[in-house]
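I would like to see how this sequence folds:
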Amino acid sequence: MTSEQSGIELDSGFRPVEALPYDYCVGGVMLQRPFKVTKIGPVNLFVADIGASERFYTELLGLTKTEEVDYRGHRCVYLRCGADHHCIGLYPQALRAELGLNASTTLMSIGMQVASYRQLKDAIAFLREKGLRFVDTIPFDLHPGIDYAAHAIGPDGHCIELYHSMEQVGWDGRPRPAAQRRRVAPDWPQTLEALPDTYIDQVFQGPLG
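Coordinates of the predicted model:
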């Protein structure tokens, strides 16, 4: 039976409608916010057994391990399924309390990439103005492949990782050595110099609106 025969209107369904005015010019397009989320991810998880979780994602699901980090005795693993440095980060549950994150969830953070460094700075200012709480407990060492990032706590207590670019893994399958990565200055600069892989990431085709 078709939708029409069932009496379901073809233009029905659910779509959230936002009341915010289109006050922000973003790349020549008027938007309701001064930024556009262009990619979702990575997903970072707290797990009970790093080794077992790594085997699940690599041997069963086919992801590739990009890198692992030892942070204060905690082994953290970063996995990818394409050229992005990682799409999943695995962290031991013991690290959750040290970072002061929500004890009721195994989600460490969900990444949201915006279109540019300028948009990242504008997003932080906008979300602060709207009352979102930002935390500085997640150190640079725990998001390899992402340099400038901000972490906000959403209304449901989950951590949102905002960033503007992710390191791309080249033909040899190796990430950039840690010593060659851009270090984040305490006071963020007005602009950033391009890195060798700045313009080889997937390009967001739009539309912005």
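
wait, isn't Ala48 in contact with Gln93?
Yes - contact criterion Cβ atoms under 8 Å: Ala48 and Gln93 qualify, at 5.7 Å. Where C-beta positions appear, they are placed from N, C-alpha and C, glycine not excepted.

mind listing the strands for this protein?
Secondary structure of the chain (DSSP state E): strands located at 24-26, 29-31, 37-47, 64-71, 74-80, 88-92, 107-114, 133-135, 149-153, 159-163.

Tell me which of those lies nearest to Glu18.
strand 29-31 (10.8 Å; Cβ to Cβ).

circling back to that earlier point, Ala48 and Gln93: which is more packed in?
Gln93 (16 against 10; other Cβ atoms under 10 Å).

Touching, the more buried one and Phe46? I think so.
Yes - with contact defined as Cβ under 8 Å, Gln93 counts as touching Phe46 (4.6 Å).

how distant is stretch 56-72 from the center of its chain?
Remark: stretch 56-72 is offset 17 Å from the chain centroid, using Cα atoms, centre = their mean, to the nearest Å.

whoops, I mixed them up, stretch 105-124
5 Å.

Buried residues, that stretch. List them.
108-124 (16 or more other Cβ atoms under 10 Å).

Any stretches of this structure with poor pLDDT?
1-3, 209 (pLDDT under 70).
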